[in-house]
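> Sequence unavailable; structure follows:
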């Protein structure tokens, strides 16, 4: 067998219909698009969600809720999960390395769901009251570390500089 002699089966490949090639071709004049209207124009593309002039579904349905731009999203770990992990000291970096959390986000928060029977040391940005109680009842320590602060942008620094000048 020679690869240069391979051909598709007869009838598998067909020539494309060539439109606009004159009246004798059967697809001349308007090229199968009709005489007038939006769809007859070269370069026409229907906008996403268009329903023929009817109010589109995404505009008919009501809007719900809102996005809180000041909302904080924490990486959450329960005390019961810390019980199952190896080691006696946990901080955000250690939990990242163990694969318990995937990203610190706005901070690490320890919640009190589950039981704790061994002494551990936990460093996190936030603790629930029940988590602190369970960690201390088991003889461990719960240490609050400074919350993550987003570095100010150039715009924020300029505003601070202007305020400092006004005070002088």
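In hand now; what should we look at? Note that this is a predicted model, so its numbers are computed, not measured.
> Any figure for the gap between the residue nearest to residue 76 when sequence neighbours are not counted and residue 147?
Among residues not flanking residue 76 along the chain, residue 109 sits closest, at 5.3 Å (CB to CB, 6 or more residues apart in numbering). C-beta here means a position set from N, CA and C on the backbone, and glycine is covered the same way. Distance, residue 109 to residue 147, by CB to CB, to the nearest Å: 11 Å.
> circling back: is the residue nearest to residue 76 inside a helix or a strand, and which specific one?
strand 108-111 (DSSP states H and E).
> Run through who's touching that strand.
74-79, 82, 92, 95, 101, 122, 124-128, 130-131, 135, 142 (CB atoms under 8 Å, 6 or more residues apart in numbering).
> Are any of those buried, and if so which?
Buried members of those, scored by 16 or more other CB atoms under 10 Å, are 74-75, 77-79, 82, 92, 95, 101, 122, 124-128, 131, 135, 142.
> Point out the ones among those residues that are inside helices.
The helices, defined by DSSP state H, take in 79, 82, 92, 95, 131, 135 from the buried ones among the contacts of strand 108-111.
> ok, residue 22 - contacts?
Residue 22 touches residue 28, counting by CB under 8 Å, 6+ apart.
> Give me the residue ranges of this protein where confidence is low.
The model of the chain has pLDDT under 70 over residues 148-160, 167-168.
> Where do the helices of it begin and end?
57-60, 79-84, 92-98, 129-137, 154-167.
> circling back to that earlier point, can you tell me which of the ones in helices among the buried ones among the contacts of strand 108-111 lies nearest to residue 118?
Of all these, residue 82 has the smallest distance to residue 118: 9.2 Å, by CB to CB.
> Contacts only, for that closest one.
Taking CB under 8 Å, 6+ apart as the criterion, residue 82 is in contact with 90, 110, 116, 120, 122.
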